[in-house]
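[1] I'd like to go over a predicted model; first the sequence, then the structure.
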Amino acid sequence: MSVTSDEVMRIAQLAELRVDEAALPDLASQMSRILDYVAQLRAVGAGDHVKPFIPGPDTIRFRPDEVNPWPLAFGPDEMAPAFKGGFFLVPRLGAFGAEDAPGEEA
Amino acid sequence: MSDAVASARATAERISKLRRLNAVLTKQTELRKALLAQAAAARPTGVLYGMPVAVKANICTLEFETSCGSHILEGYRSPYDATAIARLKAAGALIAGATNCDEFAMGSSTEHSAFGRTLHPLDKTRVPGGSSGGSAALVAAGAVPAALGSETGGSVRQPAAFCGVVGIKPTYGRVSRYGLVAFGSSLDQIGVFGRSVHDAARVLSVISGRDLRDNTCEDRDPLRLPTVPENLDGFVIGIPREYFPPDLDPGVRRACERAIRILRELGAAVREVSLPHTPYAVPTYYIIAPAEASSNLARYDGVRYGPRAEGSLADVRALYRETRGSGFGAEVRRRILIGTYVLSSGYYDAYYRKAQQVRALIAQDFRNVFDRGVDLLFTPTTPTPAFKAGAKLADPVQMYLSDIFVCTANLAGLPALSLPIGRVKGLPIGGQLIGPHFLEDEMLEAAYALERAVPAAEEA
């Protein structure tokens, strides 16, 4: 399984991950090596009758439907890089913020 | 001065003297202050009163940064304690700092930490294993009697074997995952390191049991510790032939053969068994774990917590990409890309679905053996002793293969432990016991007996 630099870039976009162009050939080579290795699973005879194994309880256990005390020692205002008036601040979405100044926070 | 205060001071002193190992990420002054504050508040009636327990940096504590060994969470402080931490504190234990680890627990050597590698306590040119290498090194060096780590594919047992300490991975669902930073949610469990089986088991007993905050945690009482048995009469121990391949390190093989002889001498019936899908465990794991990681790590985007990429960013997607691209290290980026790839349209059936089916076959292998009267399995924990730093960094697949004997228990959700069974050229070798779901007590009984009989400090 050979992964191209273009495919790595497409996957990186899906994963919202910046990848330097200079690093693409190495990443493509490493991903190809890993995918070649895991491709050996194709040799295993496991038809559709094999039910996936999921560990843990067989049934979902529901919690009591009650309001509990706030469990956190401090709020998101102390954790978030930018927080104001109860909202997390982020730059505008590019597609909707074209008429606004770049980088203006909404 | 109370016993707990004396313990806190002595612990801070011991950890300070071991700074060269780079096993602890917490600053010395902060650690000492936090230990003393906890000692002052510790309940003298707690079963772990005054016992220092170090904690891997991916388990949330109010006292210390939960960086996960990553720049993307550098400086992050959790607003709550993990359930395991809350239970340790309630039992009087002292949380003794955040330990170094591979970034987001992705690695087998602790070389993938954003804060530098941890050194092996016996040979600084070697790795302590990973991903919970800081916890293992700290216990092995005698700084703390026990530490918490996390297991997704052997990240407690493998470093325990490399460092010569005991490492326990409980059954999936035995210990709450609330407050354990998620990597592979169907695989992750908090595990325990100890200087001895008893130390590790005591801590496991305290942190186990039902928790309404984690729906994957089983509705069971905390683990009750077994007594130390006189012998292993009545135990049937299986030796899976797939765990003794021709290329197994000769020293590891000798140590295991000696341990098997001792198991027989203790009265156990030992029989060879087969787990035929074992060779497919590593490829299965390296599809499922990255797939789950790519989803779990989507939350780190520079919006709600952790640092945000500097500079003027045109829009929110640029913010995400820049923050994630600069905040994650190379191994985490690689696994996110693999995980996204195997879940993407056109590849899901060929990779992810297939891996889920093979995982079921691996779990069935274990059920078949346990259903035929085998109580426990004994195997080597790792194919080799601790390897040299840098030896496996260039080829990720070679690094992944160091988990070949440990990741099966995670895939099947089984309890397993590693204990020291000898040395080869001075380096510790670990032997592994694997048990059926929720039969940790039987596994611990056998471990107690083997620990007492095996000359773990002698060359095999």
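    Sure thing, it's come through.
[2] ok, now which ones touch B:A412?
    Contacts here follow C-beta atoms under 8 Å, 6 or more residues apart in numbering or on different chains; on that basis B:A412 touches A:F53, A:P55, B:R359, B:I362, B:A363, B:F366. C-betas here are computed from N, CA, C, even on glycine.
[3] of these - the most surrounded one?
    Among the contacts of B:A412, the one with the most neighbours (other C-beta atoms under 10 Å in any protein chain shown) is B:R359, at 30 neighbours.
[4] any idea how far it is from chain A?
    5 Å (C-beta to the nearest C-beta, to the nearest Å).
[5] check that residue and give its pLDDT.
    Taken from the predicted model, the pLDDT recorded for B:R359 is 96.
[6] so which strand or helix has it?
    For B:R359, the host element (DSSP states H and E) is helix B:354-371.
[7] dump the residue contacts of the residue nearest to B:V397 when sequence neighbours are not counted.
    Taking C-beta to C-beta, 6 or more residues apart in numbering or on different chains as the measure, B:V397 lies nearest to A:Y37, with 4.9 Å between them; neighbours along the chain are not counted. Residues in contact with A:Y37, defined by C-beta under 8 Å, 6+ apart, are B:P283, B:Y286, B:V397, B:Y400.
[8] what about B:R195, how many neighbours?
    For B:R195, the number of neighbouring residues by other C-beta under 10 Å comes to 16.
[9] residues in contact with it?
    When the contact criterion is C-beta under 8 Å, 6+ apart, the partners of B:R195 are B:V139, B:G142, B:P145, B:A146, B:V165, B:V166.
[10] put together a markdown table for those residues, with secondary structure, distance to B:K388 and pLDDT on each row.
    As requested, the contacts of B:R195 are exported to a markdown table (DSSP: H, G, I helix; E, B strand; the rest coil; distance: C-beta to C-beta, whole Å; pLDDT from 0 to 100):
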| residue | secondary structure | distance to B:K388 | pLDDT |
| --- | --- | --- | --- |
| B:V139 | helix | 22 | 98 |
| B:G142 | coil | 24 | 98 |
| B:P145 | coil | 29 | 98 |
| B:A146 | strand | 28 | 98 |
| B:V165 | coil | 20 | 98 |
| B:V166 | strand | 24 | 98 |
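[11] before we move on, the earlier item: which among the contacts of A:Y37 gets closest to B:P385?
    Comparing the contacts of A:Y37 against B:P385 with C-beta to C-beta picks out B:Y400 as the nearest, at 18.0 Å.
[12] looks like the closest one contacts B:Y286 (just checking).
    Yes - with contacts defined as C-beta atoms under 8 Å, B:Y400 counts as touching B:Y286 at a distance of 5.6 Å.
[13] out of the two, which sits in the more crowded spot?
    Here B:Y400 and B:Y286 are set side by side on neighbour count (other C-beta under 10 Å), and the busier one is B:Y286, at 26 against 22.
[14] next secondary structure after the lengthiest helix in chain A?
    Here the longest helix in chain A is taken by residue count, with DSSP state H as the criterion, and it is helix A:24-38. Past helix A:24-38, further along toward the C-terminus, the next helix or strand under DSSP H and E is strand A:83-84.
[15] right, and the helix or strand after that next one?
    According to DSSP H and E, the helix or strand after strand A:83-84 is strand A:87-88.
[16] now do that next one, average pLDDT.
    Averaging the model's pLDDT scores along strand A:87-88 yields 95.
[17] which outside residues touch that strand?
    By C-beta under 8 Å, 6+ apart, strand A:87-88 touches A:P76, A:A80, A:A82, B:V303, B:R304.
[18] let me know the closest of those residues to B:G129.
    Of all these, B:G129 sits closest to B:R304, with 32.5 Å by C-beta to C-beta.
[19] and that closest one, how many neighbours does it have?
    Residue neighbour count, defined by other C-beta under 10 Å, stands at 13 for B:R304.
[20] just B:A457 next, same as before
    10.
[21] what sits against it?
    Taking C-beta under 8 Å, 6+ apart as the test, what B:A457 contacts is B:P420, B:R423.
[22] circling back to that earlier point, okay, the residue nearest to B:V397: pLDDT?
    94.
[23] state the distance from it to B:G373.
    Applying C-beta to C-beta, to the nearest Å, the value for A:Y37 to B:G373 is 36 Å.
[24] pull the helix or strand with minimum mean pLDDT from chain B.
    helix B:396-400 (a mean of 90; mean pLDDT, DSSP states H and E).
[25] centre of the chain to that one, how far?
    Here helix B:396-400 shows a centroid-to-chain-centroid distance of 18 Å under the convention C-alpha atoms, centre = their mean, to the nearest Å.
[26] for that helix, packing partners?
    Identification of packing neighbours for helix B:396-400 by 3 or more C-beta pairs under 8 Å, 6 or more residues apart in numbering or on different chains; DSSP states H and E yields helix A:24-38, helix B:281-296.
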